[in-house]
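Visitor: got a predicted structure plus its sequence, pasted below:
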Amino acid sequence: MSQDRRRWRSCLVLEGTDMTEEIRVRFAPSPTGYLHIGGARTAIYNWLFARQHGGKLILRIEDTDAERSTEEMIKGILDGLEWLGIDWDEGPYYQSQFIAEHQEAARQLLASGHAYKCFCSKEELEAKRELARTRKEDYRYDGTCRKLSPEEIAEREAAGQPYVIRMKVPEGDGAVTFTDAVYGEISKRYRDIEDFVIVRANGQPLYLLSNVVDDARDRISHVIRGQDGLGNTPKQILLYNALGKKLPVFAHMSLTLDPKRAKISKRTHGELVAVHFYREHGFLPWALVNFLVLLGWSNPDSKEIFTYEELLEAFSFDGMNRANSIFNVNKNDPKFITDPKAINMNAHYIRTMPLEELEPYVRAELEKAGLWRDEFAGERREWFLRTVDLIRARYHLLTDFATLGRPYFSDEVEIEIEAKARKKNLDKFPGLREWLPELADRLEKLAEFTPERVEAEMRAFAAEVEVKPGVIINGVRTLITGQLAGPGLFEIVETLGRDLVTARLRRPF
RNA sequence: GGUCCCAUCGUCUAGUGGCCUAGGAUAUCGCCCUCUCACGGCGAAGACACGGGUUCGAGUCCCGUUGGGACUACCA
């Protein structure tokens, strides 16, 4: 990578657009049923760029692949965006509604001599391609129909021969050259571009054409998309020029790969790469956004945790990395359901965000698990928030509140005891079978049930039965929470309250 | 195969020719804190793909090799 590329990157963004012109970007997913993290990342960058410049984000569904696009498929995408907090200003527009316009553009190209009708059949083409392959030559459409005389064309048309429309790529030594806002100057020689098809034999326009026509109509000023669009950009530029449309600024972003360096996809990774997977597994939307924005982008002072405002301030194409990045998921890892850094970021927000902002998320988890009680939002709200605050530092996912948090929010006595905890804190000291119920009686009689008094009582009790305080303390923790680990015991005791604590202490184990 | 793009710790990355004995984050390990586990604090280990140039000096510039990725459809 050359370093001078960096220098003009920031200027370039402004260069393509004078100040009187609106910044308009678009996110144009095909309706695959759900938003995957690669798409989400693209959407995020577009959204940030629009918001940063007071521009507009247009949502366009590229649904021309009819079989694949259903109402539900589209909804999956929209839900994902909405959950992430990405809002758009126009749309969703549907590419399929503009097919006539795409066809009209092709007619215009035909009329202006920028395109031509090609009567070669698929079979002929395949044969030529095969021949080239056996000869180890590289194949490009040979332009047979480009040389057809008007008479020959008329003749074939009269005979009802089907045809596709091909773009007439300029001949000679020239090249298409453009400056990408991330990748710098990209150049592709005409001779390396074949006369590509823009309209099928059945009259359906191809993506390359549709995309350009749509972007031009929607007055897109900056095309921010995955690097997989980089190779097609020269062809699209040819189309823009032939159509007499102004070029947008192109900004391609590196791709997101899996640990085997393959492009992440629904096929090979399934749910793991779906935004809704993260939603269902207890991610905070902003934590995901924050993580995703860092996948391929960074800022000079290495800041990693951003508020929305900070991100708007900091974001720039200057920080885009041109190298693809790896989304570090290891299926089968019992400890990490996804990239450890993503989880860490989620945990960071869980333990540091304002309690009132966390509250609705925890509530939703508890509701899902049947642990929610209305009083948590009413007379016990203060207790609820304090309890959330007490346990959140060791949770990584919102779902932890419903699983690991169960002993805290449920008033059932027979809380399940983890095997490891039972072994280490209960079984190891058989005396606890007598001591713990006895301790329950003593706690019952305590004048004041405060952390201080409970602690004093327990330590005194430990001294009486001649064991280290830890034996009693850990035994109590295990019996009243079922867990090996957790907050300080006396805080737990205070949160659970006397009745629950003594009840759980008296159960046999 | 052709074209284009890319290459710094396991992963995300800083790096704009001397501030680099290569910095941060995460993950891992250790110590401190402590009733446990986290959090927090401190520390350890861990990278410039390779080879040539250019230069007084190269992670940084150039060339090559290797490796990876994308594009290359009458898919989007």
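Guide: Okay, I see it.
Visitor: residue ranges with poor pLDDT in chain A?
Guide: Scanning chain A for pLDDT under 70 picks out the ranges A:1-20, A:66-69.
Visitor: run the last query once more with 50
Guide: A:1-8, A:10, A:15-17 (pLDDT under 50).
Visitor: all strands for it, in order.
Guide: Applying DSSP state E to chain A gives strands spanning A:24-27, A:56-61, A:90-94, A:115-118, A:164-167, A:175-180, A:184-189, A:197-199, A:222-226, A:249-253, A:256-257, A:325-326.
Visitor: so can I have a markdown table of those strands showing mean neighbour count?
Guide: C-beta: built from backbone N, CA, C; applies to glycine. Shown next, in a markdown table, are the strands of chain A (neighbours: other CB atoms under 10 Å):
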| stretch | mean neighbour count |
| --- | --- |
| strand A:24-27 | 26 |
| strand A:56-61 | 22 |
| strand A:90-94 | 16 |
| strand A:115-118 | 22 |
| strand A:164-167 | 23 |
| strand A:175-180 | 17 |
| strand A:184-189 | 15 |
| strand A:197-199 | 24 |
| strand A:222-226 | 23 |
| strand A:249-253 | 24 |
| strand A:256-257 | 20 |
| strand A:325-326 | 16 |
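Visitor: in a markdown table, list those strands along with distance to RNA strand B.
Guide: What follows is these, written out as a markdown table (distance: least, CB to the nearest atom of the strand, whole Å):
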| stretch | distance to RNA strand B |
| --- | --- |
| strand A:24-27 | 12 |
| strand A:56-61 | 9 |
| strand A:90-94 | 10 |
| strand A:115-118 | 8 |
| strand A:164-167 | 5 |
| strand A:175-180 | 8 |
| strand A:184-189 | 5 |
| strand A:197-199 | 4 |
| strand A:222-226 | 8 |
| strand A:249-253 | 8 |
| strand A:256-257 | 6 |
| strand A:325-326 | 3 |
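Visitor: to A:Ile473, which of the ones you listed lies closest?
Guide: When these are compared by CB to CB, strand A:325-326 sits nearest A:Ile473, at 43.9 Å.
Visitor: show me how far that closest one is from its chain's centre.
Guide: With CA atoms, centre = their mean, to the nearest Å as the basis, strand A:325-326 stands 14 Å off its chain's centre.
Visitor: do the same with stretch A:152-167
Guide: Centre-to-centre, stretch A:152-167 and its host chain are 46 Å apart (CA atoms, centre = their mean).
Visitor: output it in PDB with nothing but the alpha carbons.
Guide: Output of stretch A:152-167 as PDB, limited to C-alpha atoms (Å, rounded to 0.1, in the frame of the first residue of the first chain):
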ATOM      1  CA  GLU A 152     -27.400  -8.500 -40.700                       C
ATOM      2  CA  ILE A 153     -29.000  -7.300 -37.500                       C
ATOM      3  CA  ALA A 154     -32.300  -6.500 -39.200                       C
ATOM      4  CA  GLU A 155     -32.200  -9.900 -40.800                       C
ATOM      5  CA  ARG A 156     -31.700 -11.700 -37.500                       C
ATOM      6  CA  GLU A 157     -34.300  -9.700 -35.800                       C
ATOM      7  CA  ALA A 158     -36.800 -10.400 -38.600                       C
ATOM      8  CA  ALA A 159     -36.000 -14.100 -38.100                       C
ATOM      9  CA  GLY A 160     -37.000 -13.700 -34.500                       C
ATOM     10  CA  GLN A 161     -33.600 -14.500 -33.200                       C
ATOM     11  CA  PRO A 162     -33.300 -13.700 -29.500                       C
ATOM     12  CA  TYR A 163     -30.500 -11.400 -28.400                       C
ATOM     13  CA  VAL A 164     -28.900  -9.900 -25.400                       C
ATOM     14  CA  ILE A 165     -27.600  -6.400 -25.200                       C
ATOM     15  CA  ARG A 166     -23.900  -5.900 -24.700                       C
ATOM     16  CA  MET A 167     -22.000  -2.900 -23.700                       C
END
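Visitor: now that stretch: buried residues?
Guide: A:153, A:156, A:163-167 (16 or more other CB atoms under 10 Å).
Visitor: which one of those is nearest to A:Pro508?
Guide: Looking across the buried residues of stretch A:152-167 and measuring by CB to CB, the closest to A:Pro508 is A:Val164, at 80.0 Å.
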